[in-house]
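Novice: Have a look; sequence and predicted model below, questions after that.
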Amino acid sequence: GAEESKAASQAESGQKYSNLLVTCQDGLRVITLNRPSKMNAITREMYEEWILALKEAADDPNTVITAITGAGNYYCSGNDLSNFTNINPENMHEISKESGALLNRFVSAFIDFPKPLIGVINGPAIGVSVTVMGLFDAVYATDKSTFNTPFSALGQSPEGCSSYTFPRMMGPSRASEMLLFNKKFTAHEAKEVGLVTEVFPDASFQQEVWPKLQALAKLPFKSLVYSKALTRDMEKDILHQVNDAECDRLVERWTSEDCINAIMNFFSRKK
Amino acid sequence: GAEESKAASQAESGQKYSNLLVTCQDGLRVITLNRPSKMNAITREMYEEWILALKEAADDPNTVITAITGAGNYYCSGNDLSNFTNINPENMHEISKESGALLNRFVSAFIDFPKPLIGVINGPAIGVSVTVMGLFDAVYATDKSTFNTPFSALGQSPEGCSSYTFPRMMGPSRASEMLLFNKKFTAHEAKEVGLVTEVFPDASFQQEVWPKLQALAKLPFKSLVYSKALTRDMEKDILHQVNDAECDRLVERWTSEDCINAIMNFFSRKK
Amino acid sequence: GAEESKAASQAESGQKYSNLLVTCQDGLRVITLNRPSKMNAITREMYEEWILALKEAADDPNTVITAITGAGNYYCSGNDLSNFTNINPENMHEISKESGALLNRFVSAFIDFPKPLIGVINGPAIGVSVTVMGLFDAVYATDKSTFNTPFSALGQSPEGCSSYTFPRMMGPSRASEMLLFNKKFTAHEAKEVGLVTEVFPDASFQQEVWPKLQALAKLPFKSLVYSKALTRDMEKDILHQVNDAECDRLVERWTSEDCINAIMNFFSRKK
């Protein structure tokens, strides 16, 4: 069954990915964020693997639907803040630039992803793992999931094209609640504003969501791809511009006092 | 009363339209889709008549508000699939092109319609009759109505500018549920996402909705037309581009294996 | 406390503003519309003062968050219709042009406002005081507030960029209900369509909303300003074009028979 296939595929992909599990069966490809002990926080290495996994999904002729989910209780806790530490202050601007370029490639992989992409949100989602959902084609969430983008609290600014997709999806005021004012949305609130497509009770989430995705993977492939292209291609150039502007701003933010102080506070609170 | 006037107008328009009833009284023009035995499925002839009826409504100085509704229990079951049958395979590409051109003119008639246009949705709505609602100015629906665009299930792709209007109205994920994943919306779900403006109990639908429209038809005509122009004209060029792209894609889809197989299955299931 | 500071600031700003109260403390600037006996209807003088108060808020380095609220039971009853009376008919076109230019500058002050702007809607809101909310970053409302833009009933047409922001925020049909068909929204209806961010019980509104804003005023200033810029700057040129088109149309409307008759009826009903 699915579990055996997952295990087999995990064995296969074991060499390729340290931070992801990737399976593919009957047209449904599942990319599982697999750092559960770190709440699936995204390290630099994991960004690179996620980009690669999306490329594989796009290129594989047997992949119709691609789902992204998380191992453990979290979906994803966003950017691993340890990406910001152990940095020699002399290299800070250089590393900030490199991080911006990496983020830009990561978000571009979502903008350009040509097939239906579905989020299977198994728990809390934070930061960039939330913002790129504006580029997904459906988001199915357990009622235990939450959605939080505490950018300004950390001295940062929006990414993942959310400065463009969120105001257009939910109106500027509700977008500002998330992107400027750090409001954490419940799954039901996220559904009200269109970020989440459907909310499931946590107890039956896994049993309900996967058969749904298996059914979608049986739809005519070309109609799905062409239909997605019709709804998305007109905005691709704008989305890449937005991505560039957001990453440029973050490169500035990451070396700002606001951000450095906020992250130092974060780590001192943890001790 | 309204019934007599409807009868009189029906007599008048009897020569002009085989598939529509058109009445006009006190500024309110009502276009009724009138093939109830076929759930108001749209034949080629009926597309032409609908285009003509919109042109008449636009040109008539006595028409302030134009409403579209269906006779019988359905609002409209979409494209009459018999449009696809009885086609000599040798002519298939030519007829597909002609059908694309007809659809393009049909959708253009909605894009360019200069006066308030209101849907009075008396029952289930399918396909293109749903997608063009993104170009309406209000949609009043009975709670027995449903909204369904099963494009990918039929090997097809979105039209009616829905690939543009639906993601902007309801966000990309909820639009994908309809346009890619064939989800049928109830009237209340359609209201939640902004496709329907107001839902009425079926028992009182007709008694409630027509007086509402009669009142709207008494508002200052020029303010309505100029206000609609302000909200719509800026997007007209884009909408025509979207319409072209959608029709081009459908011309390709209609002669594809995906679509031919899906339609053959549809007719074999019916036997 | 806040009340003393308000009184002090009122004394200060007493010379500058006849129709507003302006206070600023700990990063939170509050602009209070202060013609409660006229339900805070906006005279020409008050438009000028509101523009000036926004400029001050933008320029003051100590202002992080700017809130707008109303004194008394109304938030704002919109354009003071006495702006239309006592006009020598010979000067009507000239005065209409001047009013259009004033409205244009007023709306531009919102389009260009660079910091987070929050509506604290303490009661009914009408006309232009509603339409500019599409340019706010959050709108907190008492459950006694209502939202009404009766443009076509008064022979007029939308302003405040609402012909652009409302269809994009709530979908074209729900926008038409407000902008074409004069529907008055309750606070909860306004929240459903994204115009209002949060609704509070009237009894606790003032106690709940101000601490919330005081907390927001402590967030890193630059992250707020840069984040707002990312979400808004891309649309600034379009918004100014929309503002121009709306004001041009209103200059025509204000001297039209539709509008003159509607306003004469309004004043004759009041006697």
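Specialist: Arrived safely.

Novice: For the residue in chain A that chain C sits nearest to, give me its contacts.
Specialist: Ranking the residues of chain A by distance to chain C (Cβ to the nearest Cβ) places residue A:171 first, at 3.1 Å. C-beta here means a position set from N, CA and C on the backbone, and glycine is covered the same way. By Cβ atoms under 8 Å, 6 or more residues apart in numbering or on different chains, residue A:171 lies in contact with A:193, C:168-170, C:193-195.

Novice: The residue in the stretch 151-271 of chain A that chain B sits nearest to: neighbour count?
Specialist: The stretch 151-271 of chain A approaches chain B most closely through residue A:194 (3.1 Å), counting by Cβ to the nearest Cβ. Neighbours of residue A:194 under the rule other Cβ atoms under 10 Å in any protein chain shown: 27.

Novice: quick one on the thing from earlier: so what does the residue of chain A closest to chain C have for phi and psi?
Specialist: Main-chain dihedrals, residue A:171, degrees, to the nearest 10: phi 90, psi 150.

Novice: Grab the nearest non-local neighbour of residue A:144.
Specialist: residue A:202 (4.5 Å; Cβ to Cβ, 6 or more residues apart in numbering or on different chains).

Novice: And the one you found, how far from residue B:140?
Specialist: As judged by Cβ to Cβ, to the nearest Å, residue A:202 and residue B:140 stand 38 Å apart.

Novice: Of these two, which one has the most company?
Specialist: Comparing residue A:202 with residue B:140 by other Cβ under 10 Å, the one with more neighbours is residue B:140, at 26 against 15.

Novice: returning to what we had before: between the contacts of residue A:171, identify the one with the most neighbours.
Specialist: residue C:195 (32 neighbours).

Novice: which SS state does it fall under?
Specialist: coil (DSSP: H, G, I helix; E, B strand; the rest coil).

Novice: where does it sit relative to residue A:102, distance-wise?
Specialist: 38 Å.

Novice: Over to residue A:179?
Specialist: Counting by Cβ to Cβ, the gap from residue A:179 to residue A:102 is 21 Å.

Novice: Spell out which residues sit in contact with residue A:107, please.
Specialist: Contacts of residue A:107 (Cβ under 8 Å, 6+ apart): A:132, A:135, A:159-161, A:243, A:246-247.

Novice: which of these come close to chain B?
Specialist: residue A:135 (Cβ under 8 Å from any Cβ of the partner chain).

Novice: Need the contacts of residue A:107 in a markdown table (columns: distance to residue C:207).
Specialist: As requested, the contacts of residue A:107 are exported to a markdown table (distance: Cβ to Cβ, whole Å):
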| residue | distance to residue C:207 |
| --- | --- |
| A:132 | 38 |
| A:135 | 40 |
| A:159 | 36 |
| A:160 | 36 |
| A:161 | 38 |
| A:243 | 42 |
| A:246 | 37 |
| A:247 | 41 |
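
Novice: Give me the buried subset of the contacts of residue A:107.
Specialist: A:132, A:135, A:159-161, A:243, A:246-247 (16 or more other Cβ atoms under 10 Å in any protein chain shown).

Novice: Let me see the contact set for the closest residue to residue A:155 other than its chain neighbours.
Specialist: Sequence neighbours aside, residue A:258 is the residue nearest to residue A:155 in space, at 3.1 Å (criterion: Cβ to Cβ, 6+ apart). Contact analysis of residue A:258 by Cβ under 8 Å, 6+ apart lists A:155, C:220, C:222-223.
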